[in-house]
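Here is a sequence together with a model predicted from it:
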Amino acid sequence: MDKNSSKVFGILARFPNPEILVRAARKVTEAGYRRTDTYTPFPVEGISEALRLPTSRTPLAVLFGGIIGGLAGYGMQYFATVIDLPLNIGGRPLHSWPAYIPITFELTVLFAAFGGLAALFLVTGLPQPYHPVFNSEDFQRHGSQDGFYLSIAADDSKYDEDETPKFLESLGADQVTEIEA
């Protein structure tokens with residue numbers, strides 16, 4: 001395939017260790033690049049701050065899921081015992097709220113988990129069976145074992161075909177490769 005006919009996704013740089021990756025991510029962000037991402041085999045402290053990622057809204061989704069689940073559990077039981085089928089058994093009150101606690105708690109936890117799972121899929125864009133970084137053979141060999149990578153997308157406003165790879169090499173990258181989409 002002709003190099004000019006292929007579409008470029010961006011640049012992928014491999015760094016020797018997580019500390020250099022975090023430093024490089026900080027410098028890349030300070031230089032004005034915004035369409036960046038990092039790939040590491042384990043969580044690396046400081047990457048989110050270095051890339052200036054916004055705080056996650058996943059906890060709010062878990063909270064709202066829990067609130068909806070709690071209200072649904074309590075409301076369902078209230079409707080069943082007070083409105084739909086009010087049976088007076090042994091003189092107990094129709095609205096006997098202590099009996100509602102176990103199911104209310106269980107539905108709160110269940111809906112909170114569903115809210116967290118839905119937020120995970122929405123925020124991360126999963127499931128994503130294909131990503132252009134897998135076009136790199138080096139990434140395929142080292143990405144999930146011992147490689148620390150930083151990518152800059154070609155549609156970033158600061159991206160330059162010649163200067164961006166040089167900039168990444170100056171930050172300590174072992175290897176800089178162009179990734180095709």
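Received, thanks.

any idea how far A24 is from the spatially most central residue of the chain?
With distances taken as CA atoms, centre = their mean, T124 lies nearest the centre of the chain, 3.7 Å away. Distance, T124 to A24, by CB to CB, to the nearest Å: 23 Å. Where you see a C-beta, it was placed from the backbone N, CA and C, and this is true even at glycine.

Return the residues in contact with K27.
Applying CB atoms under 8 Å, 6 or more residues apart in numbering to K27 gives the contacts L171.

in this protein, which spans are strands?
8-15, 36-39, 148-153, 175-180 (DSSP state E).

Format those strands as JSON lines; extra columns: mean neighbour count and mean pLDDT.
JSON lines is the format used below for the strands of the chain (neighbours: other CB atoms under 10 Å; pLDDT from 0 to 100):
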{"stretch": "strand 8-15", "mean neighbour count": "22", "mean pLDDT": "95"}
{"stretch": "strand 36-39", "mean neighbour count": "19", "mean pLDDT": "96"}
{"stretch": "strand 148-153", "mean neighbour count": "24", "mean pLDDT": "96"}
{"stretch": "strand 175-180", "mean neighbour count": "18", "mean pLDDT": "94"}
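
Export those to a markdown table and append columns for distance to Q77.
Listed next are the strands of the chain as a markdown table, based on distance: least, CB to CB, whole Å:
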| stretch | distance to Q77 |
| --- | --- |
| strand 8-15 | 53 |
| strand 36-39 | 46 |
| strand 148-153 | 51 |
| strand 175-180 | 55 |
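
how about those strands, which one is nearest A72?
Distance to A72, taken as CB to CB, is lowest for strand 36-39 among these, at 37.6 Å.

and the nearest residue in space to H95 that is not next to it in sequence, how many neighbours does it have?
Of all residues not flanking H95 in the chain, V82 sits nearest, at 5.3 Å (CB to CB, 6 or more residues apart in numbering). Close neighbours of V82, defined as other CB atoms under 10 Å, add up to 13.

In this structure V82 contacts P93, no?
No. Applying CB atoms under 8 Å, one finds V82 not in contact with P93, separated by 9.2 Å.

Could I get the full set of helices for this protein?
Using DSSP state H, the helices of the chain run over 18-30, 47-51, 58-78, 101-124, 137-142, 163-170.

confidence score at D2?
For D2, the pLDDT comes out at 46.

What of the one 4 residues further on?
Each residue has a pLDDT score; the one for S6 is 67.

and if you look at P129?
87.

phi, psi of it?
The phi and psi values for P129, taken as degrees, to the nearest 10, are phi -70, psi -10.

any idea how far the worst-scoring helix or strand of the chain on mean pLDDT is from the chain center?
None of the helices or strands of the chain scores lower by mean pLDDT, DSSP states H and E than helix 137-142, at a mean of 92. Centroid separation between helix 137-142 and its chain, computed with CA atoms, centre = their mean, to the nearest Å, is 22 Å.
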